[in-house]
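Colleague: Mind looking at a prediction? Sequence and model below.
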Amino acid sequence: MGFAVRVYEAFKDDEVKAKVLAEFIEKVEEAISNNQVATRQDIALTELKLVKEIEQTRKEIREVELKLTKEIEQVRGEIREVELKLTREIKDVELKLTKEIEQVKAEMQVEIEKVRVEIHKVKSDILKWLFGFFITQTITIIGVIVGLFQVWR
């Protein structure tokens, strides 16, 4: 039995008062059940729970930050190792290519010298041939002139 009915029973001698009080108590009970008013203790407990959850969340965030910082540092270390390795490999390749270039240059110099010697030899042969040709031509011309003089005489 609700409070409104009890008040009505208690004051039923004065029906008007009993009815007014019963309606008032009904309205108060209805308001309390609808609003579910929180007490200070409820608020304090909720606040404590929230503070605890906030601290737990902050702790978890710090743990994640630390974990991520460690992972970032590890990745940076790996990147430095890869950079050093690549730098070494690049230097090795540069040295190898420099040696190969120098070798090719030396081989080209040898070939150039061979070609120069061959050119000089060809020039010499051409000069010999030309000299022989001139001498032969000169002798031929002299022979023709001598022949003409003998015919005109």
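Modeller: Noted; the coordinates are in hand. Numbers count the residues shown, from 1 in each chain.
Colleague: Helices along the chain, start to end?
Modeller: Across the chain, reading from the start of the chain, the helices by DSSP state H fall at 3-10, 15-35, 40-152.
Colleague: which stretch in the ones you listed is the model least sure about?
Modeller: Ranked by mean pLDDT, the helices of the chain bottom out at helix 3-10, with a mean of 70.
Colleague: centroid residue for the protein?
Modeller: Closest to where the C-alpha atoms of the chain average out (C-alpha atoms, centre = their mean) is Ile79, at 10.6 Å.
Colleague: check contacts around it.
Modeller: The neighbours of Ile79, taking C-beta atoms under 8 Å, 6 or more residues apart in numbering as the test, come to nothing; the list is empty. (Each C-beta comes from the backbone N, C-alpha and C, glycine too.)
Colleague: Check Glu71 too.
Modeller: The neighbourhood of Glu71, defined by C-beta under 8 Å, 6+ apart, contains no residues.
Colleague: that older thread, let me know which of the helices of the chain is tucked in deepest.
Modeller: Ranked by mean neighbour count, the helices of the chain are led by helix 3-10 with a mean of 15 (mean count of other C-beta atoms under 10 Å).
Colleague: Thanks again, I'm all set now.
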